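A.B. asks: coords please:
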Amino acid sequence: MNRLELKAAVDTYLHRALPDEEFDLFLLQAESDIAQQVRAIEQQSYVSLGEADRQTANAYLLPADFIEMITVRRSGAVEIMPAASMEMSQFRQIEGKVSVYSLTGVNELIDFAPTPAEGFVAYLGYFAKPAALAAPTDTNTLITSHPSLYIYSCVMYAYDWARSYEQREAASNRFVAKIDEINAIDQRRRYGPSVSVGNNQDFGAWGASNGGM
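C.D. replies: Residues are numbered from 1 along each chain as shown. Presented below is the predicted three-dimensional model:
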């Protein structure tokens, strides 16, 4: 489903054609809600950070679409653990390989300690913000897999705009139920009985097969 098809689906649900400027507003609100509340398998992304991403001795630039961390590892698939930002200074006094990280700058930077050696590579698994639906043919993996997520959210805001509060509540309940369903799939994938064949194992193998210090 793309943006144009989404609008057609929302119009069909509402039994009326929304003006473009109203749909634009409802979609922006929907995209904001989805970015904040949904953590789907389709959003999981994997990237390595190296010297090109280094901003200071300890801080590296996070991907522009970063929302939330899943896991951080160094070479050999060794997990780097999260720490509170106030604790990082004491970890920097320790010699040895990187063992902890903290997010800074409103999730713009990742700070490592002890101070990474030159050539250090970190392997990140994280949730990425779904690509915005700006142009008529724009789409993303989340709306492709879960079109009703976007439909229910846009419909919810359309009913709110029209002050149809009973219908808004019904759409909101469907939207929340869909979020719970999607997030539960990810939770089972990462922490349930099938975790041995899930993304954690895949990511570990990827980290182990690449260089880094």
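
A.B. asks: where does this structure have its least confident helix or strand?
C.D. replies: helix 199-209 (a mean of 42; mean pLDDT, DSSP states H and E).

A.B. asks: centre of the chain to the strand ranked longest in the chain, how far?
C.D. replies: When the chain is parsed with DSSP state E, its longest strand is strand 66-74. Put simply, strand 66-74 sits 10 Å off its chain's centre (CA atoms, centre = their mean, to the nearest Å).

A.B. asks: who does that strand touch, helix- and strand-wise?
C.D. replies: strand 78-79, strand 122-128, helix 199-209 (3 or more CB pairs under 8 Å, 6 or more residues apart in numbering; DSSP states H and E). Any C-beta I mention is one placed from the backbone N, CA and C, and that applies to glycine too.

A.B. asks: what's near enough to touch the spatially closest residue to E22 that is not a sequence neighbour?
C.D. replies: Of all residues not flanking E22 in the chain, W161 sits nearest, at 6.7 Å (CB to CB, 6 or more residues apart in numbering). Going by CB atoms under 8 Å, 6 or more residues apart in numbering, W161 touches 22, 25-26.

A.B. asks: what's the neighbour count on M88?
C.D. replies: 18 (other CB atoms under 10 Å).

A.B. asks: which strand residues bridge the nearest residue to V98 once chain neighbours are set aside?
C.D. replies: Taking CB to CB, 6+ apart as the measure, V98 lies nearest to F112, with 4.8 Å between them; neighbours along the chain are not counted. Beta bridges link F112 to Y101 when assigned by DSSP bridges.

A.B. asks: distance-wise, check F112 relative to E181.
C.D. replies: Distance of F112 to E181, given as CB to CB, to the nearest Å: 36 Å.

A.B. asks: who's more crowded, these two?
C.D. replies: The residue with more neighbours, out of F112 and E181, is F112; 27 against 13, by other CB under 10 Å.

A.B. asks: you'd agree the more buried one is up against I80?
C.D. replies: Yes: counting by CB atoms under 8 Å, I80 is a contact partner of F112 at 7.2 Å.

A.B. asks: any common contacting residues for these two?
C.D. replies: 98, 100-101, 122.

A.B. asks: output the contacting helices and strands for the helix ranked longest in the chain.
C.D. replies: When the chain is parsed with DSSP state H, its longest helix is helix 165-191. Under the contact criterion of 3+ CB pairs under 8 Å, 6+ apart, helix 165-191 touches helix 147-161, helix 199-209.

A.B. asks: domain map for this protein?
C.D. replies: 3-38+131-193, 44-128 (automatic domain parsing).

A.B. asks: low-confidence stretches in the chain?
C.D. replies: Filtered on pLDDT under 70, the chain yields the residue ranges 190-213.

A.B. asks: let's see that with 80 instead.
C.D. replies: 107, 186-213 (pLDDT under 80).

A.B. asks: surely R16 is within a strand?
C.D. replies: No: R16: not assigned to a strand; according to DSSP: H, G, I helix; E, B strand; the rest coil it is coil.

A.B. asks: please determine how far it is located from A162.
C.D. replies: Applying CB to CB to R16 and A162 gives a distance of 10 Å.
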